[in-house]
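what would the 3D arrangement of this be:
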Amino acid sequence: MTQAQSMPDPQPIWQIMTGFQQSAAFKTAIELELFTKIAEGHKSVSAIAEACGAAERGIRVLADVFTVHGFLKKHDGLYELSEMSATFLDKKQPTYLGGSVEFLMSDGQMRGYKDLTSAVRNGGSQVQGEASMDPDSPMWVTFAEAMMPMMVPAAMAIAGNLGFEKDRKLKVLDIAAGHGIFGIMVAQQYPNAEIYAVDWSNVLTVATENAKRMGVGDRHHLIEGNAFEVDFGGDYDVALVTNFLHHFDAETCTSFMRKVHESLAADGKAVTLEFVPNDDRVSPPGEALFALVMLAATPAGDAYTFAELKKMCEEAGFTQNQHVPLPPTPQHLVISTK
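Here you go, the predicted structure:
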């Protein structure tokens, strides 16, 4: 056996170092609507190039990249979509996820990774500018507009796990509503539910439009302002705390959950949606890797384990806390009752 044969395979190192190349290629494919144009019936390099308004050499290389990755199939020089791409990357499908790159690969999101060494040294993001708590920041409007399709499965799961009779009247608090899909899905499943969406006014315009488009606009109400400062009111049957706690340290989360607890009726529930890794913090992969996102993007946020979230909720006054994983997504529910 030669020395080279006895060495471990260095490909994982290469893949990590060059990962930006593949994400850049994906962003370009979305911007050129590569997958959508192929879905429309443009199969050859020349036809795809004309439809995308791009050079044939560029399209040939780009399409071959995504054939290597399994997003496309290639036979006799003609391309077609894989089942995954046909489902999630054809812009004309309701399950289209390509628009998420507008937020996930925005300059604001990428900035934290360019300064990641500082974040590691300091234990949190040092990036100044588009602060997550700035009501005038365009970042959360971009998030609301781009990320809704990706959140539909989790929103459906929330509505399906509330455990109320379908005809019951519900008063629902949707905290940091963003695109509004979590409250909207509850309103669709519960015809007597009234949704009260909390967010900054510029973000709530997106939620309002989505609620109208999805047929629940007459039951979608607005509470404008900072979720830490604004008066929620009270007697809510459900409070939705979706992808919110991970932005903050544990002490802040506990304090906020006390405010949520106080807003609920006697038998009310808080439904928290989070990326929840196992206690070892390295599994499952999707949940565990989310901690890096928070390190790059926030001063003190994290991906919290269920034990950590349970402690926050118990200290806030919740007596029962149920953990509900949502496979195949990396998101989990924590359903807390008073």
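
how far away is the closest residue to residue 255 other than its chain neighbours from residue 231?
Take residue 255 and drop its neighbours on the chain: the residue closest to it by Cβ to Cβ, 6 or more residues apart in numbering is residue 316, 7.9 Å away. C-betas here are computed from N, CA, C, even on glycine. Distance of residue 316 to residue 231, computed by Cβ to Cβ, to the nearest Å: 18 Å.

next one: residue 268
17 Å.

give me the more crowded residue out of those two.
Neighbour tally, residue 268 and residue 231, criterion other Cβ atoms under 10 Å: the higher count belongs to residue 268, 21 against 9.

quick check: which ranges of the stretch 151-300 of the chain have low pLDDT?
Applying pLDDT under 70 to the stretch 151-300 of the chain flags no residue at all.

all strands for it, in order.
For the stretch 151-300 of the chain, applying DSSP state E, counting those that start in this stretch gives strands covering 170-175, 193-199, 220-224, 236-242, 264-275.

how about the stretch 1-150 of the chain?
Here the stretch 1-150 of the chain has its strands, by DSSP E, counting those that start in this stretch, at 72-75, 78-81.

pick the most buried one from those strands.
Highest mean neighbour count among the strands of the stretch 1-150 of the chain (mean count of other Cβ atoms under 10 Å): strand 78-81, with a mean of 18.

for that one, packing partners?
Here strand 78-81 touches helix 34-39, strand 72-75, going by 3 or more Cβ pairs under 8 Å, 6 or more residues apart in numbering; DSSP states H and E.

export the strands of the stretch 151-300 of the chain as TSV, with columns for distance to residue 300.
Output for those, formatted as TSV (distance: least, Cβ to Cβ, whole Å):
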stretch	distance to residue 300
strand 170-175	19
strand 193-199	21
strand 220-224	26
strand 236-242	18
strand 264-275	15
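
counting neighbours, what do you get for residue 298?
With other Cβ under 10 Å as criterion, residue 298 counts 20.

my guess is it contacts residue 127. True?
No. Assessed by Cβ atoms under 8 Å, residue 298 is found out of contact with residue 127, at 9.6 Å.

ok, and the closest non-adjacent residue to residue 37?
Excluding the flanking residues, the one nearest residue 37 by Cβ to Cβ, 6+ apart is residue 51, at 4.1 Å.

residues in contact with the one you found?
By Cβ atoms under 8 Å, 6 or more residues apart in numbering, the contact list for residue 51 reads 37, 40, 42.

nearest to residue 10 among those?
The shortest gap between residue 10 and any of the contacts of residue 51 belongs to residue 37, at 36.7 Å (Cβ to Cβ).

residues contacting that closest one?
48, 51, 52.

would JSON lines of these with distance to residue 199 be doable?
Converted to JSON lines, those look like this (distance: Cβ to Cβ, whole Å):
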{"residue": "48", "distance to residue 199": "40"}
{"residue": "51", "distance to residue 199": "38"}
{"residue": "52", "distance to residue 199": "36"}
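
now tabulate those residues in CSV and tack on pLDDT and distance to residue 183.
Converted to CSV, the contacts of residue 37 look like this (pLDDT from 0 to 100; distance: Cβ to Cβ, whole Å):
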residue, pLDDT, distance to residue 183
48, 98, 40
51, 98, 38
52, 98, 37
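
so which of those are in helices?
Counted as lying in helices by DSSP state H, out of the contacts of residue 37, are 48, 51, 52.

neighbours of the closest residue to the last one other than its chain neighbours, how many?
Residue nearest to residue 52 in three dimensions, not counting chain neighbours: residue 32, with 4.4 Å by Cβ to Cβ, 6+ apart. Neighbour count for residue 32, taken as other Cβ under 10 Å: 19.

report the contact partners of residue 32.
Residues counted as contacts of residue 32 (Cβ under 8 Å, 6+ apart) are 52, 53, 54, 62.

which of these count as buried?
Neighbour counting with 16 or more other Cβ atoms under 10 Å marks 52, 54, 62 as buried within the contacts of residue 32.

now distance to residue 13 too, for those residues, in JSON lines please.
Below are those laid out as JSON lines (distance: Cβ to Cβ, whole Å):
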{"residue": "52", "distance to residue 13": "34"}
{"residue": "54", "distance to residue 13": "32"}
{"residue": "62", "distance to residue 13": "25"}
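
tell me how far the biggest helix by length in the chain is from the chain's mean position?
For the chain, the helix with the greatest residue count under DSSP H is helix 139-160. Its chain's C-alpha centre lies 6 Å from the corresponding centre of helix 139-160 when counted by Cα atoms, centre = their mean, to the nearest Å.

next: stretch 315-327.
Computed by Cα atoms, centre = their mean, the chain-centroid distance of stretch 315-327 equals 20 Å.
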